[in-house]
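# quick check, what structure comes out for this input:
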Amino acid sequence: MKANELRALSTDEVTKHLQVTYQQLFDLHLKVNTRQLVNHREIPRVRRQIAMIQTILRERALESQEQSA
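Residues are numbered from 1 along each chain as shown. Alright, predicted model coming up:
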């Protein structure tokens with residue numbers, strides 16, 4: 001999912017997407033350890049997605065702080 005698509009979602013939906021992405025990362029690590037993962041480039045892709053989601057959540061937190069101040 002692209003950043004623009006994530007920004008269009010509500011905060012709850014983005015948080016749920018973050019949880020799903022963390023689960024994906026966990027599953028990928030399990031597959032690596034059991035030698036079932038074919039494409040090892042999936043792990044950095046999922047990690048980048050997690051970072052992008054966390055950045056969007058942080059932006060929203062900062063916006064709400066600015067509005068309340």
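
# Val32: how many residues sit nearby?
13 (other CB atoms under 10 Å). (Glycine included, C-beta is placed from N, CA and C.)

# quick check, distance from the helix or strand harbouring it to the centre of its chain.
Counting by DSSP states H and E, the element that carries Val32 is helix 11-33. On the basis of CA atoms, centre = their mean, to the nearest Å, helix 11-33 sits 7 Å off its chain's mean C-alpha point.

# helices or strands up against that helix?
Using 3 or more CB pairs under 8 Å, 6 or more residues apart in numbering; DSSP states H and E, the elements in contact with helix 11-33 are helix 42-68.

# report all helices and strands that the helix it packs on contacts.
helix 3-8, helix 11-33.

# and the residue nearest the centre of the chain, what does it touch?
What sits nearest the mean C-alpha location of the chain, by CA atoms, centre = their mean, is Ile50, with 2.7 Å. If you count contacts by CB atoms under 8 Å, 6 or more residues apart in numbering, Ile50 has them with Leu18, Thr21, Tyr22, Leu25.

# among the helices and strands packed on helix 42-68, which is the most enclosed?
Most buried of the helices and strands packed on helix 42-68 by mean neighbour count (mean count of other CB atoms under 10 Å) is helix 11-33; its value is a mean of 14.

# tilt between the helix holding Val32 and helix 42-68?
Using axes from the mean of the first three to the mean of the last three CA atoms, to 10 degrees, the direction of helix 11-33 lies 160 degrees away from that of helix 42-68.
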